[in-house]
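Chemist: Kindly return the folded structure for what I paste below:
(2 chains)
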Amino acid sequence: MAVVTAPTDADWRSRIHPVLPWLGGIAVLSLLPLVTRTAYDQYLLNIIAINVLLAVGLNIVKGFAGQVTVGHVAVMAIGAYASAVFSVHLGLPFWLALPAAMAVCAAVGLLVGIPALRLEGAYLALATLGLAESVRIVISGTDWLGAAMGFEGIPPPQIGGFVMETHLRYFFVVMPIAVMGIYISFAILRSDMGRAFKAIREDQLAAAASGVHVAKFKLIAFVLSALYAGCAGSLKAHMAPGYLNPNDYSLQEMVTLLLMVIFGGIGHIWGAVIGAIAVTIINDLTQDYYTYRMAIFGGVIVLTVMYMPRGIGGMVEDWLVRRRFAALRAATKARQATP
Amino acid sequence: MNLLEITGLSKRFGGFRALSGIDLTVRQGAVHGIIGPNGSGKSTLFNMISGVYPPEPGSRIVFDGTDITGRPSHEIARLGVARTFQMLRIFEGMSVIENMMVGHHGLTGYSPLSAVFGVKSVRHEERRVRGEMMELLAFIGLADYAEMPAGEMSGGQRRLLALGRAMAARPKLLMLDEPGAGLSPPNVDILLDTVRALQKRFGLTVIIIEHILKLVMDTCETVTVLEHGEKIAEGTPAEISADHRVIEAYLGREMLDEEVRSFLRAP
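Modeler: Numbering: from 1, shown residues only, chains lettered A, B, ... in the order given. Have a look, this model is predicted:
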């Protein structure tokens, strides 16, 4: 009979620092601009990196902690506008505006998380939907945020005299941050805290009976995902041409974001990454048909939920599990057949 | 010495009195059975002890010298009260070993931030937890299934896993809510043997709610009988199966005592 054992100390993986492979990943991805032909391709790479951050962040609260939120885009908007205000109105450099914007978003995430302590499922979705729309409307009506005309003149990041105003240079800011975001997500979700999140998603009563402080971890999940959204928002704000428009944070964007996570596979980090890449590229290719795009995206979400409820990541996992446990399951069945 | 002392425990849901003024004492190291017809308040009693429902004024629950009345669930769990659920509530979307590791959550000691920085102590701690949980899985006979999604397991295996997850917290008091429900007789025996083995090895105190009377009569030293939220009898299994009020509560007045006794003793 096949015996499955936990990884042992002798495993070569335990001897290298867990961050090393990720640094290697950054090095490899740094070569990516070599295969891009135009500045537009590089722009697209940056957008993909930002969307990866967003999707991975949403996956923490939705995929792992199981809390339905549609307010993620609003948190991103707050991060983007906070970063813009910090750099334009307060004169902070990008490197300070980014963490400051993330801090603001963490506070917002905490606020969004509070209704989650009482509401579940569709009711929580409605509460966060209210937040999402009101943020966009407030921004559209606030003059010092550029109102409906948009916020202009957000400076790009710079180190000394080196200004990252081109998409190529900016790529070397967003890509490492996105890779770090994926790494941190893995590190957290494979830890005790990640297991606590999943336990809350699976069964709150049983989680609490196992000693998990349900309310605390729910709020942490919201704050973590808000940090990701804030980071993504800030990165979007400082990317050339340094312009923000409130309409980029509408419900449509939220649907697109949900599609990334659902299509990629809720609760799978690589699924969220793949979903973000795929949906961003498809979104770009279908720009000419934008009137139909939302209908198609909505349709794809419905079909995914109906026929592939756990997305690409779930399918891959099912396949792995089936392969890995085929022998074990056959043995169990044989044992049950002959008592 | 008494591990659990409950006095005047009451709970009302709307106009329905689920529990009225229950007193219950559980001795350290005992296996204590709680029986009673459906709706007699057995599960409510567990939910009150484990902090799922807030208690009503006048109730007092003391566990291991600590007053836990009105404390939240996770704190009570961390003090050493573990439980299983009637509907099991295992984490189906997680692997068997992950289920166990969640059970051990209160005893896993490192901050999430150190996990992000890949600190060596985190990896040591993870390895310790995983190793200990594998040992426990081997003890309950599920070691081969460690990496399997819990949702893929059979009914009997799920019951064992629910038991294992409760044990993962290294509790002082283990509360089992109908551990034998839906199990075939041989599986009930496996489960009982496992419970007894765990109790011996870890010096546990166990409270069992059960409908299978044989299970309670064979395993428990003391049995408490609830009906309509009140304690109607308490004593050794032999005393209980001879008690008229118990027989009435279970089977009504009309049946003859002899019939009832033979029913209670039936395997």
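Chemist: does the longest helix anywhere in chain B come close to chain A?
Modeler: As assigned by DSSP state H, the longest helix anywhere in chain B is helix B:120-140. Yes - counting by Cβ under 8 Å from any Cβ of the partner chain, contacts between helix B:120-140 and chain A involve B:122, B:123, B:126, B:127, B:129, B:130, B:131, B:134. Yep, even glycine has a C-beta here, placed from its N, CA and C like the rest.
Chemist: how about the helices in chain A?
Modeler: Under DSSP H, chain A gives helices at A:20-29, A:39-58, A:72-88, A:94-116, A:121-140, A:167-189, A:192-202, A:204-209, A:214-238, A:251-264, A:269-285, A:290-307, A:311-337.
Chemist: Report the contact partners of residue B:206.
Modeler: Neighbour list for residue B:206: B:30, B:31, B:32, B:173, B:174, B:175, B:176, B:195, B:199 [criterion: Cβ atoms under 8 Å, 6 or more residues apart in numbering or on different chains].
Chemist: so residue B:152 sits right up against residue A:321, yeah?
Modeler: Yes - with contact defined as Cβ atoms under 8 Å, residue B:152 reaches residue A:321; the gap is 7.3 Å.
Chemist: Okay, and which of the contacts of residue B:206 map to strands?
Modeler: B:31, B:32, B:173, B:174, B:175, B:176 (DSSP state E).
Chemist: okay, those residues in TSV with distance to chain A and pLDDT next?
Modeler: Shown next, in TSV, are those (distance: Cβ to the nearest Cβ, whole Å; pLDDT from 0 to 100):
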residue	distance to chain A	pLDDT
B:31	20	92
B:32	19	95
B:173	12	96
B:174	12	95
B:175	9	96
B:176	12	94
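Chemist: JSON lines for those residues, including neighbour count?
Modeler: As requested, those are exported to JSON lines (neighbours: other Cβ atoms under 10 Å in any protein chain shown):
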{"residue": "B:31", "neighbour count": "22"}
{"residue": "B:32", "neighbour count": "24"}
{"residue": "B:173", "neighbour count": "23"}
{"residue": "B:174", "neighbour count": "24"}
{"residue": "B:175", "neighbour count": "25"}
{"residue": "B:176", "neighbour count": "27"}
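Chemist: Relative to chain A, how far out is residue B:29?
Modeler: 22 Å (Cβ to the nearest Cβ, to the nearest Å).
Chemist: Off-centre distance for stretch A:282-293?
Modeler: 22 Å (Cα atoms, centre = their mean, to the nearest Å).
Chemist: mind checking the end-to-end distance for that stretch?
Modeler: Taking Cα to Cα, to the nearest Å, stretch A:282-293 runs 10 Å from one end to the other.
Chemist: Name the residues that touch it?
Modeler: With contact meaning Cβ under 8 Å, 6+ apart, stretch A:282-293 is reached by A:44, A:47, A:256, A:296.
Chemist: Now, of these, which are buried?
Modeler: Among the contacts of stretch A:282-293, those buried by neighbour count (16 or more other Cβ atoms under 10 Å in any protein chain shown) are A:44, A:47, A:256.
Chemist: pretty sure the last one contacts residue A:279?
Modeler: This points to residue A:256. Yes - counting by Cβ under 8 Å, residue A:279 is a contact partner of residue A:256 at 6.3 Å.
Chemist: give me the residue from chain B nearest chain A.
Modeler: Closest contact between chain B and chain A, by Cβ to the nearest Cβ, is at residue B:106 (3.3 Å).
Chemist: residues touching the residue nearest to that residue when sequence neighbours are not counted, list them.
Modeler: Among residues not flanking residue B:106 along the chain, residue A:211 sits closest, at 3.3 Å (Cβ to Cβ, 6 or more residues apart in numbering or on different chains). The contact partners of residue A:211, taken as Cβ under 8 Å, 6+ apart, are B:74, B:77, B:78, B:105, B:106, B:169.
Chemist: Could you do residue A:59 as well?
Modeler: A:185, A:261, A:264, A:266, A:267, A:268, A:269, A:271, A:272.
Chemist: one more time with 10 Å
Modeler: Counting by Cβ atoms under 10 Å, 6 or more residues apart in numbering or on different chains, residue A:59 touches A:65, A:185, A:189, A:225, A:228, A:260-261, A:264-269, A:271-273, A:275-276, A:313.
Chemist: Quick check: residue A:135 vs residue A:276, distance?
Modeler: To residue A:276, residue A:135 is 22 Å away according to Cβ to Cβ, to the nearest Å.
Chemist: Those two: who's more crowded?
Modeler: residue A:276 (30 against 21; other Cβ atoms under 10 Å in any protein chain shown).
Chemist: Give me the pLDDT for that one.
Modeler: Residue A:276 is assigned 95 on the pLDDT scale.
Chemist: Now do the contacts for it.
Modeler: Residues in contact with residue A:276 (Cβ under 10 Å, 6+ apart) are A:47-56, A:58-59, A:178, A:256-257, A:259-261, A:263-264.
Chemist: Please repeat the previous calculation with a cut-off of 8 Å.
Modeler: Counting by Cβ under 8 Å, 6+ apart, residue A:276 has contacts A:48, A:51, A:52, A:54, A:55, A:56, A:260, A:264.
Chemist: and the fourth one, what does it touch?
Modeler: To tie it back to what came earlier, the one meant is residue A:54. A:72, A:76, A:228, A:229, A:232, A:257, A:260, A:276.
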